[in-house]
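# Task: produce atomic coordinates for the following.
(one chain, ligands or ions: 1)
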Amino acid sequence: MGSSQAPTGATPGRLAGGTPRAALADLLSGNRRFVSGQPIHGHDVTAAAATASGDQQPYAVVLGCIDSRVPLEAIFDQTFGAICVIRTGGHVLDRAVRGSIEYVVGQLGVPLVMVLGHERCGAVGATVDALRAGERPGGSLAHLVDEIAPAVLEVGLDDPAVLALAVRRHVRRTVDALRVDDLLAGPIGAGRVAVVGGLYDLATGEVALIDPA
Ligand SMILES: [Zn+2]
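Below is the predicted model:
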């Protein structure tokens, strides 16, 4: 987005134009500002900025990992009220996550869902380790491993690049799962909503699309 336009995120829904394509362009332009070291919101993490946001008017929902190195509002240079954020280990889906996305899309009219994986993901790494050891972890951690395992197995444990490839495969699988979600499939089919996958590079801060809509 050029400098002649209003700052991204000031009135996010209107600026995004309500289309998936415009929302994606807005989100990626925020990442470019972050990467270039010229954020327009990064310096403005204040109570005043929060108050100024008024009613929320988000234009995208990002589902990412809990990894502390990937703070989603920061890496997309977004202000208060601009994007909805959901984070789980390895961006694994469960009913609460699906319900949250369905709410954001259905009730708030958000046109874009991005699933964002990242290099060297600990959740995917833990799944690789568990599968190699043949030991399923206890507790609810098992749910994460169970959900990520298909991506790892599709790549193959013997592949020397299994972690990097499984991260990408798991993003695609998560995108695919959301595209056939009961309440999302209709709006997606009508072109009102898009689900896309992205990959965050820990070294550069760049987000690359894995599976453009
Ligand atoms: Zn991760």
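
# drop to CA atoms for contacts and neighbour counts, all remaining ones
OK.

# Just the CA atoms of stretch 46-62, as PDB, please.
The C-alpha trace of stretch 46-62 is given here as PDB (Å, rounded to 0.1, in the frame of the first residue of the first chain):
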ATOM      1  CA  THR A  46      -0.200   2.300  24.200                       C
ATOM      2  CA  ALA A  47      -3.400   2.400  26.100                       C
ATOM      3  CA  ALA A  48      -4.300   5.500  24.100                       C
ATOM      4  CA  ALA A  49      -4.000   3.500  20.900                       C
ATOM      5  CA  ALA A  50      -6.200   0.800  22.300                       C
ATOM      6  CA  THR A  51      -8.800   3.400  23.300                       C
ATOM      7  CA  ALA A  52      -8.700   5.000  19.900                       C
ATOM      8  CA  SER A  53      -9.500   1.800  18.200                       C
ATOM      9  CA  GLY A  54     -13.100   2.100  19.300                       C
ATOM     10  CA  ASP A  55     -15.300  -0.700  18.000                       C
ATOM     11  CA  GLN A  56     -13.300  -3.500  16.400                       C
ATOM     12  CA  GLN A  57     -13.400  -3.800  12.600                       C
ATOM     13  CA  PRO A  58     -11.000  -6.600  11.800                       C
ATOM     14  CA  TYR A  59     -10.300  -7.500   8.200                       C
ATOM     15  CA  ALA A  60      -8.400 -10.800   8.800                       C
ATOM     16  CA  VAL A  61      -8.000 -13.600  11.300                       C
ATOM     17  CA  VAL A  62      -4.600 -15.200  11.600                       C
END
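
# what pLDDT, on average, does that stretch get?
Stretch 46-62 carries an average pLDDT of 81.

# so how far is it off the chain centroid?
18 Å (Cα atoms, centre = their mean, to the nearest Å).

# Quick check: buried residues in that stretch?
Residues 53, 57-62 are the ones in stretch 46-62 that count as buried (16 or more other Cα atoms under 10 Å).

# and residue 209, which of the three is it?
Classification of residue 209 by DSSP: H, G, I helix; E, B strand; the rest coil places it in strand.

# Out of the buried residues of stretch 46-62, the closest to the ion would be?
Using Cα to the ion, residue 62 is the member of those that lies nearest the ion, at 14.0 Å.

# one step back: okay if I get the buried residues of stretch 46-62 as a markdown table plus secondary structure and distance to residue 175?
Below are the buried residues of stretch 46-62 laid out as a markdown table (DSSP: H, G, I helix; E, B strand; the rest coil; distance: Cα to Cα, whole Å):
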| residue | secondary structure | distance to residue 175 |
| --- | --- | --- |
| 53 | coil | 30 |
| 57 | coil | 23 |
| 58 | coil | 20 |
| 59 | coil | 18 |
| 60 | strand | 15 |
| 61 | strand | 13 |
| 62 | strand | 12 |
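
# show me what contacts the residue of the chain found nearest the ion?
Distances between the chain and the ion by Cα to the ion are smallest at residue 121, namely 3.6 Å. Contacts for residue 121 (Cα atoms under 8 Å, 6 or more residues apart in numbering) come out as 67, 90, 163, 167.

# So which bits of this structure are right by the ion?
65, 67, 90, 121 (Cα under 5 Å from the ion).
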